[in-house]
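K.L.:
no FASTA, just this:
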Ligand SMILES: NC(=O)c1ccc[n+]([C@@H]2O[C@H](COP(=O)([O-])OP(=O)(O)OC[C@H]3O[C@@H](n4cnc5c(N)ncnc54)[C@H](OP(=O)(O)O)[C@@H]3O)[C@@H](O)[C@H]2O)c1
């Protein structure tokens, strides 16, 4: 994805603020027309007006609450049916703070609806459209917490582990069809998500917190490098490669016709 005009349309969810609004700016700068999805129409209109003025691209605003099945279906239909869409940024997400045993379980369910169900349905719709054409890019925004369930609310990190898993499976399925899938795993990034989830970024050490523009620029650089998984803050890609290789090495032994020897020692 290099900077030039007529790159097709990018549909970005969660585009009213934060990481999604920043993708809107950067993808417009690269010559993409945009379809912006979120709930807050006034904020979407503002993002749309800003990028139109800066880059002269076409922008459609498609308001939707992605936890509402009917509104989600409208976005899916657009993704399946619009042949000009070349990029999906599957970004809308929410977090919750706190322990499972004290949870407002309905809020957890809403989070799973947004972070898992809507991401899956939109990914499937884009995959069908792009797969037919033999080209397209799907960017799924996960989190480094996919790799660190001990650090934060485990249900949130579980939704992000799901997004990573889904992305890796999609790479296997869609790569041969010419469709690229990138999982982006941001660390702590300065956006509203912290306050929205009832937390705060104030307690975070400054060296752990990335500015949102830096995060999205790094994620797009990772996309340009051909990365399947991008961790914007990770200094050495060799560390990710070693982790991925260790996981792959388990492969031949994950399903066998006999239990492992250590489970047979106490038998009969
Ligand atoms: N910031 C971080 O530290 C961080 C780290 C790792 C991963 N992430 C991930 O990055 C993604 C973007 O997060 P962010 O930090 O940019 O958060 P944010 O500033 O809170 O923005 C979230 C976006 O999602 C939209 N959204 C929320 N609920 C929605 C719903 N029900 N239907 C449609 N849109 C909805 C919001 O717009 P409306 O309110 O207008 O609907 C907003 O545009 C999320 O998937 C998040 O999990 C963030």
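P.N.:
That came in fine, so what should we check first? None of these values were measured; they are calculated from a predicted model.

K.L.:
show me the helices in the stretch 51-200 of the chain, by range?
P.N.:
Listed in chain order, the helices of the stretch 51-200 of the chain (DSSP state H, counting those that start in this stretch) span residues 69-81, 105-112, 119-133, 154-174, 193-196.

K.L.:
pLDDT below threshold where in the protein?
P.N.:
Along the chain, the parts satisfying pLDDT under 70 run over 1-5, 266-268.

K.L.:
residues contacting the residue sitting nearest the centre point of it?
P.N.:
Within the chain, the residue whose C-alpha comes closest to the C-alpha centroid is residue 141; the distance, by Cα atoms, centre = their mean, is 1.5 Å. With contacts defined as Cβ atoms under 8 Å, 6 or more residues apart in numbering, the neighbours of residue 141 are 19, 89-91, 93, 163, 184, 186. Quick note: C-beta positions are derived from backbone N, CA and C, even for glycine.

K.L.:
quick one: name the residues of the stretch 101-250 of the chain near the ligand.
P.N.:
Residues of the stretch 101-250 of the chain that fall close to the ligand, judged by Cβ under 6 Å from any ligand atom: 114, 141, 143, 186, 188-189, 191-193, 196.

K.L.:
what about the residue nearest to residue 208 when sequence neighbours are not counted, neighbour count?
P.N.:
Closest residue in space to residue 208, ignoring its immediate chain neighbours: residue 188 at 5.3 Å, by Cβ to Cβ, 6 or more residues apart in numbering. Each residue near residue 188 was counted by other Cβ atoms under 10 Å, and the total is 19.

K.L.:
next, give phi and psi for residue 188.
P.N.:
Backbone dihedrals for residue 188, given as degrees, to the nearest 10, come out at phi -60, psi 130.

K.L.:
ok now do it, which residues does it touch?
P.N.:
Applying Cβ under 8 Å, 6+ apart, the residues near residue 188 are 201, 204, 208-210.

K.L.:
mind listing what's buried in stretch 194-205?
P.N.:
Using 16 or more other Cβ atoms under 10 Å as the test for burial, stretch 194-205 gives 194, 197, 199, 201.

K.L.:
excluding sequence neighbours, find me the nearest residue to the last one.
P.N.:
Read it as residue 201. What sits nearest to residue 201 in space, not counting adjacent residues and going by Cβ to Cβ, 6+ apart, is residue 194, at 4.6 Å.

K.L.:
thanks a lot, see you next time.
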